[in-house]
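show me how the following folds:
(chains A, B and C)
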Amino acid sequence: MTNENLIQYIYGIADNSLILGQRISELCGHGPTLETDIAMTNIALDLLGQTRSYYQYVAELSAKDLTEDDVAFLRTEREYKNVLLVEQPNTDFAYVIVRQYFFDVFHFMLLKELENSKNVNFQAIAKKSLKEVSYHKRFSGDWLKRLGDGTEESKAKAQQAVNDLWVYTDELFQMTDNDILIAEAGYGVDTNPLKSAYYNEITALIKGSTLDIPETPYFQKGGKQGIHTEHMGFILSDMQYMQRTYPDMKW
Amino acid sequence: MSKKNWPLWEVFVRSKNGLEHRHFGSLHAPDADMALKNARDVYTRRSEGVSIWVVESKNIKASNPEDNGEMFEPAADKAYRHPTFYELPDDIEHM
Amino acid sequence: MNTREKMNENDEQIRSLEEIFEAKIARDEKIEPKDWMPEKYRKTHIRQISQHAHSEIVGMLPEGNWISRAPSLRRKVALLAKVQDEAGHGLYLYSACETLGISREELYDQLHSGKAKYSSIFNYPTLTWADIGAIGWLVDGAAIINQVPLCSTSFGPYARAMVRVCKEESFHQRQGYEIMMTLCNGTQEQKDMAQDALNRWWWPALMMLGPTDDESVHTAQSMKWKLKRKTNDELRQQFIDQTVPQADILGLKMPDKDLKYNNETGHYDFGEINWDEFWQVVKGHGMCNKERISARKNAWNNGEWVRDAAVAYAEKQADKEVKEAV
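Residues are numbered from 1 along each chain as shown, chains lettered A, B, ... in the order given. Model prediction:
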């Protein structure tokens, strides 16, 4: 296991936090109420904080002279290893909440395992992040219940979001060859055993929200290999704008 | 226009154990559970608290300032409730 | 007693209540929401506090523009936290306003319909990253000068909200100045960016402190009620005096050829402010007036089904609890 293996593994986790954090930040100032706006921004801040811890570790591991910002802003699209779920757009509040909930449940399970990693950096980041993500999960789950079991309109919107985003859930558990390597070394997490618990949990909450579970045998994947949906390019051109336009400067 | 607006809640925060909950402000929330979450996000972003109470504003019964005379003034002339009312010799200690 | 005598008696009662009220404020006692207050006091406070709240939440937009493009992760989280604080400040202020018997929804209606005003400076566009620095440094700087005296204003809920706002705001200006300083210590391109932002924000920041004293309609009454402790011109002078040396440290040049330290007065003399531009923007013809209001309206209208859903859910839960109790 080389440092490069470890770095690639970190991208698989940290890029999710970065891209989802970026997505949620787009909403700051546009929430349905001030209270909700402030709450969502807190989630974005947590995720971006986690991202920084991971990327600082990448910078340490890297043979090149990197900073957290080089890692965040100066990779090409194929080098980002986030799952497709987190790059999906903020179509409406139902999409925002369902995307968040689908991710939070997985994220929590992943961190719970990562806390037992042989790698002390992973342990420390996981330990700190768990408290944050535990709150995220409760927040998004509570909101999903309210949207599902609220009005006819909210139910229809929540159902639509569940249907559309469901196809991105399977990818959360996809293990790349590198993931397997890191997991076998006792550093990373084998997510396969988590899958049934994940679906049990989200299925129970979706049903409890009076919504239906979509029936589809087809799922989307590719993010973990750097093959993204078309949304990703726009996220990056926005996010990387300053670093690309004015290279090698301090901000 | 929204049919129904979120009610107003009053937020009380204990800043650390040993201190009482203090009124911090108010916010809007659809129910108690959300009010508590919103209070956490709005009023404890800078580690201001370790415990939160929320109560729907309409459930607070407040005294009326117009009654302040009968409510509070009668207490003003009961100086004998305060230690300074009692005369003691100057050289006495520990009292 | 006939009707006229009764009316006179009422008037007299109100007059004496008013005298007691004004004396209370003069003694630096606070007015609390349930206390008797003249109608004009209530209306003036609703107007000023809500205008202040609207400025906070409209003010989120020009800066929010740059969250997704912030040049580093450190700057991104700082800006995000800052814009979030503004939402918080809006919330505190709306809450203070609500104690005067008006709902947040009514206040939003006034904003959305154009009936209520907000600080005109937020109708200027944020064009480069340096604008985020300039806003923090100059706009927050001017805001702080306006706001600190309000911590001891006469209306209790407003004063308390302002104490919280000022406490939280102290990082905002530093954040902005640090951005400017980093740019000024950077490449020529960055320095030019900083100078350009200063050129564009300096005059609007001066206008932000309000029309000149002879044009200002509310000053005398506001002074009495401690909604204002200094006149607009005094505040403006204070702002200029403290900001010019800060620009010097950055190595930036103020865009005012008449700006000069006056040894006799101990203050900076400065050039003519373009009040035509000020009134143009106040009257709704700034570059971004329409975008700002439509962004606020969209957020509110698109959120309607979300708010309704949460209320419907809460009602269903309450019904369930009642049924279970039976």
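
use CA for all of it now, contacts and neighbours both
Will do.

list the contacts of A:V86.
Contacts for A:V86 (Cα atoms under 8 Å, 6 or more residues apart in numbering or on different chains) come out as A:16, A:19-20, A:23, A:99, A:103.

which element, helix or strand, includes the residue nearest to C:W305 when sequence neighbours are not counted?
Of all residues beyond its chain neighbours, the one nearest C:W305 is A:S154 (6.4 Å), with distances taken as Cα to Cα, 6 or more residues apart in numbering or on different chains. According to DSSP states H and E, A:S154 maps onto helix A:152-166.

now that helix, how far from the chain's geometric center?
Centroid separation for helix A:152-166 versus its chain: 20 Å, with Cα atoms, centre = their mean, to the nearest Å.

which strands or helices does it pack on?
helix A:93-114, helix A:120-148, helix C:304-325 (3 or more Cα pairs under 8 Å, 6 or more residues apart in numbering or on different chains; DSSP states H and E).

hmm, back to that, which residues does the residue nearest to C:W305 contact?
So A:S154 contacts A:94, A:147-148, C:305-306, C:309 (Cα under 8 Å, 6+ apart).

return the alpha-carbon coordinates of stretch B:39-50 using CSV.
What follows is stretch B:39-50 as a C-alpha-only set of coordinates in CSV (Å, rounded to 0.1, in the frame of the first residue of the first chain):
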residue,chain,number,x,y,z
ALA,B,39,-32.6,27.0,18.3
ARG,B,40,-29.4,24.9,18.2
ASP,B,41,-28.5,26.2,14.8
VAL,B,42,-29.5,29.8,15.4
TYR,B,43,-28.4,30.4,19.0
THR,B,44,-25.5,28.1,19.7
ARG,B,45,-23.4,28.4,16.6
ARG,B,46,-20.5,29.8,18.7
SER,B,47,-20.7,27.3,21.5
GLU,B,48,-23.0,29.5,23.6
GLY,B,49,-24.9,26.6,25.2
VAL,B,50,-25.1,23.2,26.8
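
picking that back up, most widely separated two among the contacts of A:S154?
A:G148 and C:W305 (11.9 Å; Cα to Cα).

on that earlier part again, tell me which of the helices and strands packed on helix A:152-166 is the most buried.
Counting by mean count of other Cα atoms under 10 Å in any protein chain shown, helix A:93-114 has the highest mean neighbour count of the helices and strands packed on helix A:152-166, with a mean of 22.

check contacts around B:R81.
So B:R81 contacts nothing (Cα under 8 Å, 6+ apart).

C:L107: what's its closest spatial neighbour, skipping adjacent residues?
C:S50 (6.9 Å).

in the chain, which spans are helices?
No chain was given, so I picked chain A. Taking DSSP state H as the test, the helices found in chain A are A:3-25, A:34-61, A:68-73, A:84-87, A:93-114, A:120-148, A:152-166, A:177-184, A:195-208, A:231-239, A:241-245.

that was the other one, I meant chain C.
Under DSSP H, chain C gives helices at C:3-26, C:39-64, C:73-98, C:104-112, C:129-134, C:140-147, C:156-184, C:188-208, C:219-224, C:232-250, C:275-280, C:289-302, C:304-325.

could the ones you listed go into JSON lines alongside distance to B:F72 and mean pLDDT?
Output for these, formatted as JSON lines (distance: least, Cα to Cα, whole Å; pLDDT from 0 to 100):
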{"stretch": "helix C:3-26", "distance to B:F72": "18", "mean pLDDT": "81"}
{"stretch": "helix C:39-64", "distance to B:F72": "26", "mean pLDDT": "97"}
{"stretch": "helix C:73-98", "distance to B:F72": "26", "mean pLDDT": "98"}
{"stretch": "helix C:104-112", "distance to B:F72": "33", "mean pLDDT": "97"}
{"stretch": "helix C:129-134", "distance to B:F72": "52", "mean pLDDT": "98"}
{"stretch": "helix C:140-147", "distance to B:F72": "34", "mean pLDDT": "94"}
{"stretch": "helix C:156-184", "distance to B:F72": "20", "mean pLDDT": "95"}
{"stretch": "helix C:188-208", "distance to B:F72": "45", "mean pLDDT": "98"}
{"stretch": "helix C:219-224", "distance to B:F72": "28", "mean pLDDT": "84"}
{"stretch": "helix C:232-250", "distance to B:F72": "41", "mean pLDDT": "97"}
{"stretch": "helix C:275-280", "distance to B:F72": "51", "mean pLDDT": "94"}
{"stretch": "helix C:289-302", "distance to B:F72": "45", "mean pLDDT": "96"}
{"stretch": "helix C:304-325", "distance to B:F72": "39", "mean pLDDT": "93"}
